[in-house]
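# Just a sequence and a predicted model for now, questions to come.
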Amino acid sequence: MMTVAAARALNDGVVCFVGIGLPSTAANLARRTNAPNLVLVYESGTLGAKPDRLPLSIGDGILAETADAVIGVPEVFNYWLQPGRIDVGFLGAAQIDKYGNINTTVIGGDYHNPKVRLPGAGGAPEIAASCKEVIVVVRQSPRAFVDRVDFVTSFGFGRGPGEREALGLRGGGPRRIITDLGVLQPDPDTCEFVLTHLHPGVELADVKAATGWDLGVSPDLSRSATPTEEELSVLRALKAAS
Amino acid sequence: MMTVAAARALNDGVVCFVGIGLPSTAANLARRTNAPNLVLVYESGTLGAKPDRLPLSIGDGILAETADAVIGVPEVFNYWLQPGRIDVGFLGAAQIDKYGNINTTVIGGDYHNPKVRLPGAGGAPEIAASCKEVIVVVRQSPRAFVDRVDFVTSFGFGRGPGEREALGLRGGGPRRIITDLGVLQPDPDTCEFVLTHLHPGVELADVKAATGWDLGVSPDLSRSATPTEEELSVLRALKAAS
Amino acid sequence: MARIGTLAEGVAAVVHDGDTVAFEGFTHLIPFAAGHEVIRQRIRGLTLVRMTPDVIYDQLIGAGCARKLVFSWGGNPGVGSLHRFRDAVQHEWPAPLELEEHSHAGMANRYVAGASGLPFAVLRGYTGTDLPAQTENIKPITCPFTGEVLTAVPALKLDSAVIHAQRADRQGNVQLWGITGVQKEAVLAAERSLVTVEEIVDELEPVPGAVVLPSWAVGHVAAVPGGAHPSYAAGYSVRDNDFYQEWDAISRDRDEFTRWLEDLK
Amino acid sequence: MARIGTLAEGVAAVVHDGDTVAFEGFTHLIPFAAGHEVIRQRIRGLTLVRMTPDVIYDQLIGAGCARKLVFSWGGNPGVGSLHRFRDAVQHEWPAPLELEEHSHAGMANRYVAGASGLPFAVLRGYTGTDLPAQTENIKPITCPFTGEVLTAVPALKLDSAVIHAQRADRQGNVQLWGITGVQKEAVLAAERSLVTVEEIVDELEPVPGAVVLPSWAVGHVAAVPGGAHPSYAAGYSVRDNDFYQEWDAISRDRDEFTRWLEDLK
């Protein structure tokens, strides 16, 4: 459901910066369902990749073979991401807080003596800064959804409204957190993420229990549509081909 | 003779930044005589071009077709010239002064109302700054060889010793001015260019008369060897093929 | 997605009165036909940006389209001077021409900064020369790590960019190869762009050394076979070196040039 | 001109104790065989530089070759964590590992600055994150034209760089294609360089999308067919995704890893 919801969030024709794993699966699902003209950009340097199976790594040969253009990594970041040419960036998170700040660096202890050392930033800080909008995809749990992240690897809305503008960040920031339980979106006034969609079969209490802060609920809370037969069969086919 | 002298100045195996006209002719002559492993870099983005005729412009198709690598213009300047990877840069001049400063911008009047508007800088300022050594090729006349240039387009030794170092310039600067009458080299103490070679049939008085400053003469003044039959025949063949 | 249309439509949509505009192409792939269409459409007040103004800008300057030139080398390559450029600078004919002058390295880096969404670029350049004294657009900058002083130049932020390429596909993806200069950077540094191409094909077969500009980064595409003449398009045409020589005679004299201009219209 | 020799000769000539060294390759063309040779030659005290440390640095770190890691993303791509890296950071086994941590954009620009002979690079990056507080190597810089504050990172100045490429010719000109990452920049940012290649050929036929490093910009070349395994060389091999999975089990346990290391030697 998380993958299907992420795929549905992609409008046709947009340019999407994709990481491996769920974002790549969702983007490739979208390209076969609701967004046939979606443009996939992978940070390995492939613009407009059209893989016919799910790539197994960000540098999978299928990406270069099917891309409109293959460029070096500095060019990806400097000519394409930095100037704001990417519409949608997908990010994952080990921790995310109520203002959409993301931690993928260290958990617990301090930076030099962490409890858990995570992979680090990768492309995320500049994806979070520069894309017109960011979609975060992460499984919901109290450990992941925290009041305040231990380390800000990628900036969301900081501690609230106006901070992105004050820092001169040009991208729109995180607009959606898609989880296995529902969808969260930032409140326009406070920038705090509130629940806007419940996935089929999920109860509000489940989501609250899986959130480490006192989760607000949108007055327009609605229920995500059940995955269609087409979505499920395309998804199965994609996974089977890999 | 100017072309032959310039060709002889190129040691085998060096990497040479070449402009169109005499430098290109000289470099291609050298590649066929004394320096078969000379590497030619043209600012249009061709590394290791091996043209079988003289290119008619810096962007002649023959350069791209025969190059080891063709790159964009920013890369020529940033990755190859700027870090000091080029051994020898060839420059021309409308005016040159006794410290090897070059003017290709404006002559007479002032910058905004010049008597003669010249083409401008092109790649020259950074060639003059960054190459391990620079060879200037220019016809000798009192109008061209002046005490002080009207405009410094490319820096030689400024007003004397120590100035390049003080400015942080990393290249060696102009080491040779090759003219139709002889060769000038900088005095190691004063950085002032003095006559070191007379071309065949040229008298010292001719050179002094063609120089706008009181030309010094090296104690080791010698005479350039007459062009060999091989040099002349290769040069004729090169020019005929174009 | 790029829009595919005629040359006249493309120029009208992309190049507007008063624009800061670059026509790029380093000897190779110079978009002459688009320049001529700008003259025909009587577009005025342009700030013309180009590393090597070349004959194309001599024509635009002589035709009175330009108010300012931002450049690094203004000659007729392999031939000599640009007479219309000189006449404008030395005698304000047909109109005064403001100059902003750089080196190739500086201009190339200004394009890169523009394409990168940065306000400036850093290089080792201009040091010791008289160029920085003539413009506000060359300044020192200090490395925050080593204290070394280098040179900063502002990004080129173009209203419009025009280039010529070998081909595009029907989706408007553009492919060019051979000497590719700063064309990609010019398009990416511009709000609006026009690419004239030798031909529009069903599929862009990969070519060694090719630069591909994806359709979604290109504004307008127009098929203009021979649109680079008298420059050339590798694989399609050769440089008309004779025309560059002839231009010396045409452009040397105002009346001769005016006749050429009337013929063009 | 590049020297062509064996892998052992190349590693001995290029990678020295205490070097700041980059082994680059973005998922594709990772020079694993050269990394193993570094382990065999018991080279020590390395500052390992790489955007994505990957399994190759997990191996070098576990083998005790490294004292510091400069990186932007340290995981086993598509699998999970790098256990040797985590063990070094969390438990100083087999030795403490100093970290200098960046983003991909920052690292890519540090390579570009190194290749360009500049002391630093400018980007829009790191803003609002906790990364700048952890290193002296991320600083603000002000645009001298607009007053805007951006981020500066110092150039990577490498003692040595090691990459893998598809092929070289007998003069030592190197050709690589497919996903080319920051390999050219790594070689150009280094004092000494080693390129392992799938094969040495008489002539480098042009390939679409290929990067060519001229012989005079390359230090050493060694023919090492399969030298990128378990990563891949487009046109020669495919990625051994199973090995990346297996590495998770091998590296998770110190004893298991030590057995792997003994087998390697």
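That came through fine. Numbering: from 1, shown residues only, chains lettered A, B, ... in the order given.
# Spatially nearest residue to residue C:76 (excluding sequence neighbours)?
Spatial nearest neighbour of residue C:76, chain neighbours left out: residue C:82 (5.5 Å); criterion: CB to CB, 6 or more residues apart in numbering or on different chains. All C-beta spots, glycine's among them, are computed from the backbone N, C-alpha and C.
# So which elements touch the longest strand along chain A?
Longest among the strand segments of chain A by residue count, using DSSP state E, is strand A:216-223. Using 3 or more CB pairs under 8 Å, 6 or more residues apart in numbering or on different chains; DSSP states H and E as the contact definition, the elements that strand A:216-223 packs against are strand A:193-198.
# continuing past the strand it packs on, what's the next helix or strand?
Scanning forward in sequence from strand A:193-198, with DSSP states H and E defining helices and strands, the next element found is helix A:204-209.
# Show me the contact partners of that next one.
For helix A:204-209, the surrounding residues in contact (CB atoms under 8 Å, 6 or more residues apart in numbering or on different chains) are A:140, A:142, A:179, A:181, A:182, A:195, A:198, A:215, A:217, A:221.
# who wins for neighbours among those residues?
Of all the contacts of helix A:204-209, the highest neighbour tally under other CB atoms under 10 Å in any protein chain shown goes to residue A:182, namely 28 neighbours.
# How about the contacts made by that residue?
A:140, A:195, A:196, A:197, A:198, A:199, A:202, A:207, A:224.
# May I see these arranged in TSV, with distance to residue D:239 and pLDDT as well?
Putting these into TSV (distance: CB to CB, whole Å; pLDDT from 0 to 100) gives the following:
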residue	distance to residue D:239	pLDDT
A:140	32	97
A:195	40	98
A:196	39	98
A:197	37	97
A:198	39	97
A:199	34	97
A:202	37	97
A:207	38	98
A:224	35	96
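# quick revisit: count of residues packed around the residue nearest to residue C:76?
The local packing count at residue C:82 equals 28, with neighbours defined by other CB under 10 Å.
# Residue C:71 is in contact with that one, correct?
No - Residue C:82 lies out of contact with residue C:71 (CB atoms under 8 Å); the separation is 10.2 Å.
# which stretches of chain C have low pLDDT?
Along chain C, no part satisfies pLDDT under 70.
# How about the residues of it by chain A?
Near chain A, the residues belonging to chain C are C:1, C:112, C:115-118, C:173, C:184-185, C:188, C:211-217 when assessed by CB under 8 Å from any CB of the partner chain.
# of these, buried ones?
Among these, those buried by neighbour count (16 or more other CB atoms under 10 Å in any protein chain shown) are C:112, C:115-118, C:173, C:184-185, C:188, C:211-217.
# Which ones among those residues lie within helices?
C:112, C:115, C:184, C:185, C:188 (DSSP state H).
# where exactly do the helices run in chain A?
Taking DSSP H as the criterion, chain A contains helices spanning A:2-8, A:22-32, A:61-66, A:73-75, A:124-130, A:163-167, A:204-209, A:229-240.
# Pick the most deeply packed of those.
Ranked by average neighbour count under the criterion mean count of other CB atoms under 10 Å in any protein chain shown, those are headed by helix A:124-130 at a mean of 29.
# So which elements touch that one?
On the basis of 3+ CB pairs under 8 Å, 6+ apart, helix A:124-130 makes packing contacts with strand A:88-91, helix D:104-115.
# And the contacts of that helix?
By CB under 8 Å, 6+ apart, the list of residues contacting helix A:124-130 from outside reads A:17, A:77, A:81-84, A:86, A:89, A:91, A:102, A:104, A:134, A:153-156, A:169-171, A:173-174, D:103-105, D:123-129, D:131.
# how far does that helix sit from the chain's center?
Between the centre of helix A:124-130 and the centre of its host chain there is 11 Å, according to CA atoms, centre = their mean, to the nearest Å.
# for that helix, what is the average pLDDT?
Averaging pLDDT along helix A:124-130 gives 97.
# swap in stretch A:229-242?
Across stretch A:229-242, the average pLDDT comes to 89.
# check whether that stretch contacts chain D.
No - under the criterion of CB under 8 Å from any CB, chain D is not reached by stretch A:229-242; the shortest gap measures 9.6 Å.
# pull the CA atoms of that stretch into CSV?
Only the C-alpha atoms of stretch A:229-242 are listed here, as CSV (Å, rounded to 0.1, in the frame of the first residue of the first chain):
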residue,chain,number,x,y,z
GLU,A,229,-6.3,-4.8,-9.5
GLU,A,230,-4.2,-3.0,-12.2
GLU,A,231,-1.9,-1.5,-9.6
LEU,A,232,-1.4,-4.8,-7.8
SER,A,233,-0.8,-6.8,-11.0
VAL,A,234,1.7,-4.2,-12.4
LEU,A,235,3.5,-4.2,-9.0
ARG,A,236,3.7,-8.0,-9.0
ALA,A,237,5.0,-8.1,-12.5
LEU,A,238,7.7,-5.5,-11.7
LYS,A,239,8.9,-7.4,-8.7
ALA,A,240,8.8,-10.7,-10.5
ALA,A,241,10.9,-9.4,-13.4
SER,A,242,13.8,-8.5,-11.0
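# How far does that stretch sit from its chain's centre?
What separates the centre of stretch A:229-242 from the centre of its chain is 21 Å, taken as CA atoms, centre = their mean.
# hmm, who's touching that stretch?
Contacts made with stretch A:229-242 from outside it, assessed by CB under 8 Å, 6+ apart, are listed as A:3-4, A:7, A:25, A:28-29, A:32-33, A:52-54, A:56, A:227.
# Please identify the one among these that lies nearest to residue D:137.
residue A:56 (33.1 Å; CB to CB).
# what pLDDT does that closest one get?
Predicted confidence (pLDDT) for residue A:56: 79.
# How about the one 3 residues further on?
According to the per-residue confidence, residue A:59 scores 81 in pLDDT.
# Surely it and residue D:27 touch.
Yes - contact between residue A:59 and residue D:27 holds when scored by CB under 8 Å: they sit 2.4 Å apart.
# Can you pull out the low-pLDDT segments for chain A?
In the predicted model of chain A, residues A:20, A:242 satisfy pLDDT under 70.
# Get me the contact residues on it for chain B.
Not one residue of chain A sits near chain B, judged by CB under 8 Å from any CB.
# show me what contacts residue C:64?
Taking CB under 8 Å, 6+ apart as the criterion, residue C:64 is in contact with C:44, C:94, C:95.
# and with 7 Å instead?
Residue C:64 sits next to C:94, C:95 when contact means CB atoms under 7 Å, 6 or more residues apart in numbering or on different chains.
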